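Participant: starting from these lines, generate the structure:
(chains A, B and C)
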Amino acid sequence: MSGEEIRIGVYVCHCGTNIAGTVDVEEVVRYASTLPNVVIARNYVFMCSEPGQQLIKEDIKKYNLNRVVVAACSPSLHELTFRNAVKEAGLNPYLFEMANIREHCSWAHPDRRKATEKAKDLIRMVVAKARELEPLEEIKIDVTKKALVIGGGVAGLRAALDLARSGFTVYLVEKRPTLGGHTARIPFIRYLGVRGDELISSIVKELVSMPNIKIYTNADVVSMEGGVGSFRVRIRVRPKYVDSKCNLCGECVKVCPVEVSNEYEYGVGTRKAIYLPYQTAYPQIYVIDPEVCTRCGECVKVCPTKAIDLDEKERYEDIEVGTVILATGYDPYEPEKGELGYGLSKKVITLFQLERLLDERGPTKGVLRIGDTEPRVIVFISCVGSMGTSPKAGSYCSRMCCSTMLSAALKIRDQLPGSYIYVIHKDIRTYGYDEELYWKALERDIRFVRYEELPEVKVSGDKIEVVVKDITIGEYISVPADLVVLVNGMAQGKYLREVLNVVRVSCGDEGFVKEAHVKLRPVDAASEGIYLAGSVTGPKSVIESIIHGSAAAARAATVLSKDHVFAEPIIAKVDEDLCSGCLVCVGMCPYNAISTKETDGRRIAFVNPVLCMGCGTCAAACPSGAMQQQGFKDKQVFAQIRAFAR
Amino acid sequence: MSKKVRVALYWMASCGGCEEAQVDAITDELSVIDYLDIVFWPVAMDFKKEDVEKLPDQSIDVALINGGVRLSEHVEMAKLLRRKSKIVIAYGSCSSWGGIPGLANLYQKEEILSRVYSEVPTVAEEGRRPQRKYVTEEGVELELPEFLPMLLPLNAVIEVDYYIPGCPPSPETTLKALKTLLSGETPPRGSVLGASSRALCEECPLNKTKPDKVLVKEIKRVYNAKIDPEKCLLIQGIPCLGPVTRGGCEALCPRVAMPCIGCYGPLDRHIDYGGKALSFIASIIDARSEDEIKKIIDTGIPDPAGLVYKFTLPASRFRMNLRKWGGSR
Amino acid sequence: MTEEYEPKILMIACNWCSYAAVDLAGTSRMRSPHNIRIIRVMCSGRVDPQMVLEAFVNGADGVIVAGCRLGDCHYIEGNYKTLRRMALLKKLLEQLGVEPERFRLEWISAADAKKYVEVANDMVEKLKKLGPLRISFEEISKLIEEVKHIE
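Facilitator: Predicted coordinates:
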């Protein structure tokens, strides 16, 4: 490559009017053609289109180009597209670089003169880097045809099922002692016409009948190394203290002295330290909660099958998979004590708690009572924890709460025909076919009051008063309520942060995991080989989560169905002639990709190309400059910096 | 070479250490002197500037110039020697990159003159500044060279062919460099002679005592640290610049439990020696909070410029402290 | 009429977080100062103090190094190394006479376009008051040229 004449082609995209409407693309092209080594400079309306890519391919042949620069949108969108185009024309795809003159220029600076000058500067800098680019060979990685699904809720189950049906081995890891997530606690899912737990059971039934699936409950993922095609993961299975000999007789529950709030009933019921999460839980084994168990041993004494072992230890298992699907779901927004009266009176409950009280298989067999009394005035307050209604609330809409709220309201109307039911709402978003819930509610005398500011819930002793400014009439109204239901939305999963320490994907500001691109890659995480399913990326209904799970499985299958994938070769490499063996780099690598080797009697550093993820931290630390990151070498980055000034 | 090599040796802003090193090297191997015909060596021989001016251009084979460029006289002599010599070598750290006197570039000329001639405790009364021109009672006009606004390395004022690094260059380095040239070899212009192309750690006997990962929880000051002479100094928290400094001195300092301070200067890939040194030292600090990091740095490295630019400030990208130059400052 | 001084700022941004935040600012059509030129690296951990020095020498009046928020680094802990290096670099820059406002280390998450705009606006405002740094280097070059011409 050295000694060869550098011949650069520069392509300035109009992106319709997105760039050309602000940046003077003609002037930019004229400027680009004056830069040293630029042999041809063009502009075109949509460079990413077929004809746009053809331009590049033809020019490479016609003008013998050996470097290509495209000035257009962000590389996050089309860098791959153009690399492939360059590759198809017979040029190494890493002899290509992009200048971002849309997101970073035309869209940010409406002033034509300033945007044009900036575009020129950005192109000059990228051309300077392009001059120093070197051909790189992608790294071939063997794909392990197995998948890991983290999260056994409805999305994770769907993804696991789809992948298992496609013939791949699937490991499913669920934190709780049972599969099913929050969906299993929903009494009735309208469109599917089933109970949540029945839906879960039907998926689980098929799943466990498949030979190529391994399910871990009461388990977490504690470490993850590697990348797409080959992730090495360590699973920790926490002890349940009860094994499969358990015959579900329940004798242990009777003698257990510890009683705590039942999280599977969202707090409206209690459970013991030893418990079965709910009737249709899977696996059907009782479990002991180690945080509250006193180890009194009473349960051991009465267990007829001797299934309880209080000394069971946690165990670890190491697996290797080609892709990972993150489906860890959400948790309901938990109002703070005192927020709208929550925690100050048993008459103030959340929507999730209400659903449990309306479930025929729930703690009250579906009969709505507060204490022993039948509530006569029921007030729903919607958008609690969503829509920016309070400082702690998310600014987003939680999608499913309006539909769920009105379904519940109609159920209450069925049960308590004489009751007064108020829905105090910010908006009513019963979208799609759920619109009919709204009309039904109106027909059945459910009264809607619209607010702009959250109502006040005044609790004094046994009495509750809800005060709200009805913005339709512009006046305050006050409702003495027997039951206040805070319609809480979906929020970040309680344990998500812990998971993200292991699975390195990032969250947005609202606490949900960010997908690689909202439109173009909605179920991919930013990192290759990791996919996202369900409400981990944001509020979704059950059906939407199921669809999402299938989508993630399909994406994962695109990797698993191949024998190899290719990793980007922008990894670190040691110049063996220059390395003095100072070992500063070894301690820099979070992936332990750097070790030492002997050469000519010297001990020098060595990078494992499969483990290196291409961050470049070691290269910056390397005191001698022997460690260089391909594609971001000192000479390449510094060329870009030096071109900053004209 | 059958003919004797015509050599000129000159000192600019120099401490005299390079002269001693040159004598050391020559007396180490007395046979070398048989090959040399010294035509100019102010410290030892009575040649004058006029003698050099009289020589035909390019008639000196090698000029070894040490010391930094601090006075106008140094510029004159450097340019003169460049004209008269085939090869000019920057000998030692000062002429190569400015050396320790280069740290004066952290101060403005006025600050320096004021401190030296007015502020130090040993100055009588208000002190006096040297005058550039002075006429004696006998009517003789005396002139002092100008004190330049900054100290420069030799290559800032003339083209330099080769560099011999060190403060001073060890006898081995000096001899190796001279022998390379005497043998008729012509390394690429701008090369560093007599030293290694790799960093010091390679030849340091303490390198093999490093653990898997080089990470420290504390940076210590040499003056009050308890140093284990059998272990790598860096892992003991002593900021040793071995990893970032050119080797070739056989790790003389670490061998006696003193950290390398960087006198053999930068390696070929460095863009700014001080910047690279900062990068690796900071990288090995094992702390994650801003406060913790600040505490470690403030305790262990109160003077980063003094640590990383001890020999190379005038050759660094900035060359000097920017204060009071231009803009609205 | 002299044109108002417009500072030139170089920003070295990490691909996964800060570069994406600038993308988002553009996608959201948020106005941001035109004075900034961005260089992309994969991780802020790639940033070597030599790069910051080189930027100043090559005409930058201000430099921003931007990475993911601490704990969120795509490569686990590259940004911690950046934190350490830039802490030491800040001390050195002070000794070299560079006003502290000229160099910033910022942690900007991919969703935080707002923060990018705030940082950019704030820096431009501060640098306008300080004046151009490039003048200092131009003056030093002039001085060296003068020295070279001494006979």
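Participant: how about stretch A:421-433: buried residues?
Facilitator: For stretch A:421-433, burial by neighbour count (16 or more other Cβ atoms under 10 Å in any protein chain shown) applies to A:421-426, A:428-430. Using the backbone N, CA and C atoms, a C-beta is placed for each residue, glycine as well.
Participant: and stretch A:541-559, by the same measure?
Facilitator: Those buried within stretch A:541-559 under the rule 16+ other Cβ under 10 Å are A:541-542, A:544-553, A:555-557, A:559.
Participant: for the residue most central in space within chain A, give its distance to residue B:198.
Facilitator: Centroid-nearest residue in chain A: residue A:513, 3.3 Å away (criterion: Cα atoms, centre = their mean). Remark: distance between residue A:513 and residue B:198 (Cβ to Cβ, to the nearest Å) = 45 Å.
Participant: please apply the same query to residue B:249.
Facilitator: According to Cβ to Cβ, residue B:249 stands 13 Å off from residue B:198.
Participant: compare neighbour counts for these two and give me the winner.
Facilitator: Legend: neighbour count by other Cβ atoms under 10 Å in any protein chain shown for residue B:249 and residue B:198, higher for residue B:249 (26 against 23).
Participant: show me where chain C has its helices.
Facilitator: Assigned helices in chain C, in chain order: C:18-27, C:49-57, C:78-95, C:113-130, C:134-148 (criterion: DSSP state H).
Participant: I'd like the ones you listed written out as TSV, with mean neighbour count added.
Facilitator: Shown next, in TSV, are the helices of chain C (neighbours: other Cβ atoms under 10 Å in any protein chain shown):
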stretch	mean neighbour count
helix C:18-27	25
helix C:49-57	26
helix C:78-95	24
helix C:113-130	18
helix C:134-148	16
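Participant: what's the closest of those helices to chain A?
Facilitator: Across the helices of chain C, the minimum distance to chain A, taken as Cβ to the nearest Cβ, is reached by helix C:18-27, at 3.1 Å.
Participant: what number of residues lie near residue A:575?
Facilitator: By other Cβ under 10 Å, the residues close to residue A:575 number 14.
Participant: now the one 3 residues further on
Facilitator: The tally of other residues near residue A:578 (other Cβ under 10 Å) stands at 19.
Participant: let me see the contact set for the closest residue to residue A:46 other than its chain neighbours.
Facilitator: Leaving aside its chain neighbours, residue A:46 sits nearest to residue A:52 (5.4 Å; criterion: Cβ to Cβ, 6 or more residues apart in numbering or on different chains). Going by Cβ atoms under 8 Å, 6 or more residues apart in numbering or on different chains, residue A:52 touches A:11, A:13, A:44-46.
Participant: surely residue C:70 is in contact with residue C:78?
Facilitator: No: under the criterion of Cβ atoms under 8 Å, residue C:70 is not in contact with residue C:78, lying 10.7 Å apart.
Participant: sorry, back to before: phi first, then psi, for the residue nearest to residue A:46.
Facilitator: Dihedral pair for residue A:52: phi -60, psi -50, per degrees, to the nearest 10.
Participant: does chain C sit close to the helix or strand containing residue A:33?
Facilitator: Taking DSSP states H and E as the definition, residue A:33 sits inside helix A:25-34. No: Helix A:25-34 lies out of reach of chain C by Cβ under 8 Å from any Cβ of the partner chain, never closer than 14.7 Å.
Participant: who does that helix touch, helix- and strand-wise?
Facilitator: strand A:8-13, strand A:38-44, helix A:112-131 (3 or more Cβ pairs under 8 Å, 6 or more residues apart in numbering or on different chains; DSSP states H and E).
Participant: who wins for proximity to chain B among the ones you listed?
Facilitator: Taking the helices and strands packed on helix A:25-34 one by one with Cβ to the nearest Cβ, helix A:112-131 is closest: 15.0 Å.
Participant: low pLDDT regions in the chain?
Facilitator: If you meant another chain, say so; for now it's chain A. A:1-2 (pLDDT under 70).
Participant: the intended chain is chain C.
Facilitator: Ranges of chain C meeting pLDDT under 70: C:1-3.
Participant: got a list of what the spatially closest residue to residue B:73 that is not a sequence neighbour touches?
Facilitator: In space, and not counting its chain neighbours, residue B:73 is closest to residue B:145: 3.7 Å by Cβ to Cβ, 6+ apart. Residues near residue B:145 by Cβ under 8 Å, 6+ apart: B:71-74, B:76.
Participant: mind running it again at 10 Å?
Facilitator: B:70-77, B:132, C:150 (Cβ atoms under 10 Å, 6 or more residues apart in numbering or on different chains).
Participant: got a pLDDT number for it?
Facilitator: On pLDDT, residue B:145 comes in at 94.
Participant: buried ones in the helix holding residue A:33?
Facilitator: For helix A:25-34, by 16+ other Cβ under 10 Å, it's A:25, A:27-29, A:31-32.
Participant: show residues contacting that helix.
Facilitator: Outside helix A:25-34, the residues that touch it by Cβ under 10 Å, 6+ apart are A:8-15, A:19-20, A:24, A:38-45, A:69, A:71, A:99, A:101, A:106, A:112, A:115-117, A:119-124, A:127.
Participant: mind putting the helices of chain C in a markdown table, distance to residue A:316 included?
Facilitator: Output for the helices of chain C, formatted as a markdown table (distance: least, Cβ to Cβ, whole Å):
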| stretch | distance to residue A:316 |
| --- | --- |
| helix C:18-27 | 35 |
| helix C:49-57 | 41 |
| helix C:78-95 | 27 |
| helix C:113-130 | 40 |
| helix C:134-148 | 58 |
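Participant: of those helices, which is nearest residue A:226?
Facilitator: Closest to residue A:226 of these, according to Cβ to Cβ: helix C:78-95, at 17.6 Å.
Participant: re the thing from before, now the buried members of the contacts of residue A:52.
Facilitator: Buried, going by 16+ other Cβ under 10 Å: A:11, A:13, A:44, out of those.
Participant: ok, the second one to chain C distance?
Facilitator: Looking back up the chat, that one is residue A:13. Counting by Cβ to the nearest Cβ, to the nearest Å, the gap from residue A:13 to chain C is 14 Å.
Participant: residue A:441 contacts residue A:422, correct?
Facilitator: No: in this structure, residue A:441 is not within contact of residue A:422 by Cβ atoms under 10 Å, at 11.1 Å.
Participant: overlap of the contact sets of these two?
Facilitator: The contact lists of residue A:441 and residue A:422 share A:409, A:447-448, where a contact means Cβ under 10 Å, 6+ apart.
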